[in-house]
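Visitor: Kindly generate the corresponding structure for this input.
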Amino acid sequence: MKTIKLTMSIAAIAFLAACSPSIRLTETTSTGKQEVVNSVCENADLKLNYDMWAENGIMYFSIYNKSDSPVYIDWKRSVFIYNDWKNDYWVEKSTTENYLVPVGIGKNVTYERKASTVVAERYTFIPPHTYVSVPMTYKIANTNIETNSVTSPDGKTTVTFTDDLKLDKSAIKVQIPSTTGSGQVKAFEKSFTKDASPSVFRNFLTYSYDEKFVNERTIENEWYVSKMTQMKAKNFFGKKTKVKIKVKTKGKKASQNVKVYDSPYKKGTSYYKTMSF
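Guide: Numbers count the residues shown, from 1 in each chain. Below is the predicted model:
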């Protein structure tokens with residue numbers, strides 16, 4: 001199943017590259033007291049590894065317990081904050097799972113359907129020197145088309161543009177190094193300070209060494225969108241290599257040649273958006 005998913009992902013990338021849309025790369029800068037360096041933040045207790053690399057970005061991270069004692073994460077008191085708006089990681093809910101239970105012995109065995117209720121995990125227990133993958137994620141950017149309007153000082157003229165940097169008069173045309181050959185290619189760029197950034201977001205975690213959280217601790221990471229670069233998909237994906245992959249489904253084996261791109265802009269604290277075709 002993992003092989004099939006990989007094939008589909010590679011095929012999707014190949015399709016995008018072939019159609020050559022524009023891709024807008026978004027870079028973030030870490031700020032605040034607990035800085036993220038090379039996608040990693042750590043204190044004396046925990047080490048957080050971030051990976052935002054996805055369409056429109058995603059708040060995904062893993063946690064490593066550096067200490068010699070168990071650590072507990074309280075998800076009810078941990079949140080993702082986007083432009084000062086709180087988004088909960090944990091919401092109290094339950095799901096019902098059905099299963100069959102054998103009744104009787106020997107040839108007289110019958111099966112009865114039972115149901116059990118599973119409540120979402122509020123606390124995560126992390127043993128010493130152990131990684132855990134966080135099950136909750138949030139999309140960082142809005143997937144809808146963003147529009148901005150600028151009105152002239154006399155109030156007579158209003159110009160509306162989308163988040164396409166080619167239509168944004170405040171973006172600048174630049175030359176950036178080609179990722180597929182020598183020389184340079186055209187692109188559009190726009191940089192932001194923290195105060196002028198369109199997106200500022202935080203990850204706030206509450207944890208403790210005791211299960212009852214008598215002495216709780218926190219770790220908080222913050223970023224702001226500092227730069228956007230819009231370029232052709234060919235340059236965004238980079239050099240391609242042909243590889244042969246094997247797929248097995250329903251007992252049948254098959255091989256397929258696909259193109260794999262080296263993704264030179266991929267980074268744990270950056271994300272991207274595919275613009276209109």
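
Visitor: what about the helices in the stretch 1-150 of the chain?
Guide: With DSSP state H, counting those that start in this stretch as the criterion, the stretch 1-150 of the chain has helices at 2-19.

Visitor: could you pull out the strands for it?
Guide: Taking DSSP state E, counting those that start in this stretch as the criterion, the stretch 1-150 of the chain carries its strands at 22-31, 40-42, 46-50, 61-65, 71-82, 85-88, 94-103, 110-119, 123-126, 131-133, 147-151.

Visitor: Buried residues in the fifth one, which are they?
Guide: Residues of strand 71-82 classed as buried under the neighbour-count rule (16 or more other CB atoms under 10 Å) are 71-75, 77-82. Glycine gets a C-beta too; all of them are placed from N, C-alpha and C.

Visitor: Give me the helices and strands touching it, please.
Guide: Contact analysis of strand 71-82 by 3 or more CB pairs under 8 Å, 6 or more residues apart in numbering; DSSP states H and E lists strand 85-88, strand 123-126, strand 200-208 as its packing neighbours.

Visitor: Tell me, please, where in the stretch 101-250 of the chain the pLDDT is lower than the cut-off.
Guide: Applying pLDDT under 70 to the predicted model, the residue ranges of the stretch 101-250 of the chain that meet it are 101-112, 114-119, 143-152, 156-162.

Visitor: Throw the helices and strands packed on strand 71-82 into a markdown table and include distance to residue 193 and mean neighbour count, thanks.
Guide: Conversion of the helices and strands packed on strand 71-82 to a markdown table gives the following (distance: least, CB to CB, whole Å; neighbours: other CB atoms under 10 Å):
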| stretch | distance to residue 193 | mean neighbour count |
| --- | --- | --- |
| strand 85-88 | 21 | 12 |
| strand 123-126 | 36 | 16 |
| strand 200-208 | 11 | 20 |
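
Visitor: For the residue nearest to residue 208 when sequence neighbours are not counted, which residues are in contact?
Guide: Nearest residue to residue 208 in three dimensions, chain neighbours excluded: residue 216, at 4.7 Å (CB to CB, 6 or more residues apart in numbering). The contact partners of residue 216, by CB atoms under 8 Å, 6 or more residues apart in numbering, come to 74, 77, 206-208.
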